[in-house]
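Asker: sequence and computational prediction follow.
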Amino acid sequence: MAEEKLNVHLIDHPLIQHKLTLMRQKTTGTKDFRELLEEISMLMAYEITRNFPLKDVEIETPVAKCKGKMLAGKKVGVVPILRAGLGMLGGVVNMIPAARVGHVGLYRDPETLKPVEYYCKLPSDVAERMLIVVDPMLATGGSSSAALTLLKEKGAKSITLMCLVAAPEGIRLVNEEHPDVPIYVAAVDDHLNEKGYIVPGLGDAGDRIFGTL
Ligand code: PRP
Ligand code: URA
């Protein structure tokens, strides 16, 4: 990547990097690809939630009364961008089981590379929740940016974007159009090819997750 400063948080934990390398390999089949994505999503959720606020609570163990800590901040909503975002949902919800889930359906037109919206269903209290939008691929950034715009139109005020692999072009677009949204990624790749695929990337994430190659 060039010297340019992109506003993105890189989660480069060794377990994540190892698993991502396995995912990138073209010989990795659907079952392993899906499992690895879920495992990485759990690890990324763990890192993203690292600074969540806590409050003191009084509890009683079977042995004695004591003080404990519990989450004190906004409730969480997870929003996968269909279809490939579904591959990251299970991992995040494993870590944050009480999270509500919204869905935004977008596909990228293969000719224009522009996002086309086809579905949106969100929790009714979206304005009060801290939303984590998940999509494995941030390529041109068109799909993620459109999803963030849609969520804000529906009232969302606090959003984090979590992607597996990003191209600099996509980070730049989301930074420009949504400077308030922190982006977390496991890798920033080199560039986009003429078909809008991330290079080296991992191919079409949705097709690899669902076996529709
Ligand atoms: C993929 C991916 C992102 C989008 C990224 O979805 O999951 O949503 O492309 O590209 P962009 O940053 O250039 O918009 P796709 O449109 O292939 O749909 P799918 O999830 O149904 O496979
Ligand atoms: N969508 C994908 O699934 N992969 C890419 O490389 C780009 C967009």
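Answerer: Cool, the structure landed. Ligands and ions are numbered 1, 2, ... in the order given.

Asker: could you use CA atoms for every contact and neighbour count after this?
Answerer: Noted.

Asker: and the longest strand anywhere in the chain, what does it pack onto?
Answerer: The longest strand of the chain (DSSP state E) is strand 158-166. Under the contact criterion of 3 or more Cα pairs under 8 Å, 6 or more residues apart in numbering; DSSP states H and E, strand 158-166 touches strand 130-134, strand 137-138, strand 183-188.

Asker: by contact count, what packs against whichever helix or strand comes after the longest one?
Answerer: Heading C-terminal from strand 183-188, the first helix or strand you meet, by DSSP states H and E, is strand 191-192. Of the remaining helices and strands, those touching strand 191-192 by 3+ Cα pairs under 8 Å, 6+ apart are helix 168-177, strand 198-199.

Asker: in the protein, which spans are helices?
Answerer: 14-24, 30-48, 86-95, 142-153, 168-177, 205-210 (DSSP state H).

Asker: give me every residue in the chain lying close to ligand 2.
Answerer: 137, 139, 196, 197, 198, 201, 203, 204, 205, 206 (Cα under 6 Å from any ligand atom).

Asker: would you mind listing which of those residues are buried?
Answerer: 137, 139, 196, 197, 198, 201, 203, 205, 206 (16 or more other Cα atoms under 10 Å).

Asker: check contacts around residue 136.
Answerer: Residue 136 is in contact with 84, 85, 87, 88, 162, 163, 164, 165, 205, counting by Cα atoms under 8 Å, 6 or more residues apart in numbering.

Asker: residue 180 too?
Answerer: Counting by Cα under 8 Å, 6+ apart, residue 180 has no contacts.
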